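> I'll drop the sequence and a predicted model, then ask my questions.
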Amino acid sequence: MLELYIHHRQQTATSITSLCVAAKIPPSTGLRWVALLEKRGLVVREADPFDRRKSYARLTSEAIERVERTLDDAMESNRKLGIERVRLVN
């Protein structure tokens, strides 16, 4: 989902093939995961209008909110841990 989020922020289309390459997984595994995420309402799959063999995936607004919430939580945790590290050293 992070790869899809990066493409969302860059406002670029992401083919399912590209997702598989980025994740270093076989196309069959990638398609299975995209189908699962699609079923859960986190990904929308769109056919390429010029090449029906190719399809793109994008995050839904719910998925974008979840990714951003997770990133915010990770940054907050890192910030807190950084403070704790300073306390431990002193």
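Arrived safely, thanks for sending. Since the model is a prediction, treat every value here as computed from it, not as a measurement.
> neighbours around residue 72, how many?
By the criterion of other Cβ atoms under 10 Å, residue 72 has 10 neighbours. For glycine as for every other residue, the C-beta is placed from the backbone atoms N, C-alpha and C.
> now the helix or strand that contains it: buried residues?
Secondary-structure assignment from DSSP states H and E places residue 72 in helix 61-89. Using 16 or more other Cβ atoms under 10 Å as the test for burial, helix 61-89 gives 63-64, 67.
> redo these as TSV? Include pLDDT and distance to residue 24.
Below are those laid out as TSV (pLDDT from 0 to 100; distance: Cβ to Cβ, whole Å):
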residue	pLDDT	distance to residue 24
63	98	22
64	98	24
67	96	20
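> same list (those residues) but as a markdown table, adding distance to residue 13.
Shown next, in a markdown table, are those (distance: Cβ to Cβ, whole Å):
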| residue | distance to residue 13 |
| --- | --- |
| 63 | 16 |
| 64 | 16 |
| 67 | 18 |
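> list just the nearest of these to residue 54.
Proximity of those to residue 54 (Cβ to Cβ) peaks at residue 63, which lies at 21.4 Å.
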